[in-house]
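K.L.:
Structure, please.
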Amino acid sequence: MNAIDFTPLFRTAIGFDRLTEALESAYRADATGGYPPYNIELTGEDRYRITMAVAGFRDEDFDIEVKQNILRVRGARKEENGGAKYLHRGIATRSFERNFQLADYVRVEGAELRDGLLHIDLAREIPEAMRPRRIEIRSDRDSVIEDQSQVA
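P.N.:
Below you'll find the predicted structure:
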């Protein structure tokens, strides 16, 4: 496997160590084999939705947790075939685990199971202290003007 060289990024970016780890892990092959299929949708400014196709699963079959910026979705369906003998079983109901790396300040707002689709809503809430702000530049001339106004 080829390694990604992040040296150009480190020349101008500070504190993005976790970003490089996330990129490297995304570069590796997905071990889950693509089950269950999912979409990630931008639903508004700083709002996202993950939709997973989980036909045959019920609410109680899921375990959804967030820990250290990783959203982990697990599904485990209990077998209740009632002695049915399948000639063909094409609807996958096997257990799964999907992990999603969340950026800082992204929180899970809620989850909903509807029509065989699991919807997980997310929102990015940047604290006021982290939002852009204008920085004034002081000069020697400003201090001279302040000194003259104090004399008068």
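
K.L.:
Show me the shaky parts of the chain.
P.N.:
For the chain, residues meeting the criterion pLDDT under 70 lie at 1-4, 9, 16-18, 20, 24-33, 81, 142-152.

K.L.:
what's the domain layout of it?
P.N.:
1-30, 34-80+89-131 (automatic domain parsing).

K.L.:
Mean neighbour count, the ones you listed: which tops it?
P.N.:
domain 34-80+89-131 (a mean of 13; mean count of other CB atoms under 10 Å). Every C-beta, even on glycine, is put in place using the N, C-alpha and C of the backbone.

K.L.:
So for that one, first residue to last residue, what's the gap.
P.N.:
For domain 34-80+89-131, the first-to-last residue distance is 37 Å (CA to CA, to the nearest Å).

K.L.:
Now do the most centrally placed residue in the chain against residue 78, distance only.
P.N.:
For the chain, residue 102 is the residue whose C-alpha lies nearest the centre (CA atoms, centre = their mean; 2.9 Å). Look at residue 102 and residue 78: by CB to CB, to the nearest Å, they are 29 Å apart.

K.L.:
nearest spatial neighbour of the residue nearest to the centre of the chain, skipping sequence neighbours?
P.N.:
residue 69 (4.7 Å; CB to CB, 6 or more residues apart in numbering).

K.L.:
residues contacting the one you found?
P.N.:
18, 101-104, 106 (CB atoms under 8 Å, 6 or more residues apart in numbering).

K.L.:
From those residues, which land in strands?
P.N.:
Among the contacts of residue 69, the members found in strands (DSSP state E) are 101, 106.

K.L.:
biggest separation within the contacts of residue 69, which pair?
P.N.:
18 and 106 (12.9 Å; CB to CB).

K.L.:
could the contacts of residue 69 go into TSV alongside distance to residue 37?
P.N.:
Converted to TSV, the contacts of residue 69 look like this (distance: CB to CB, whole Å):
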residue	distance to residue 37
18	27
101	19
102	20
103	23
104	28
106	22
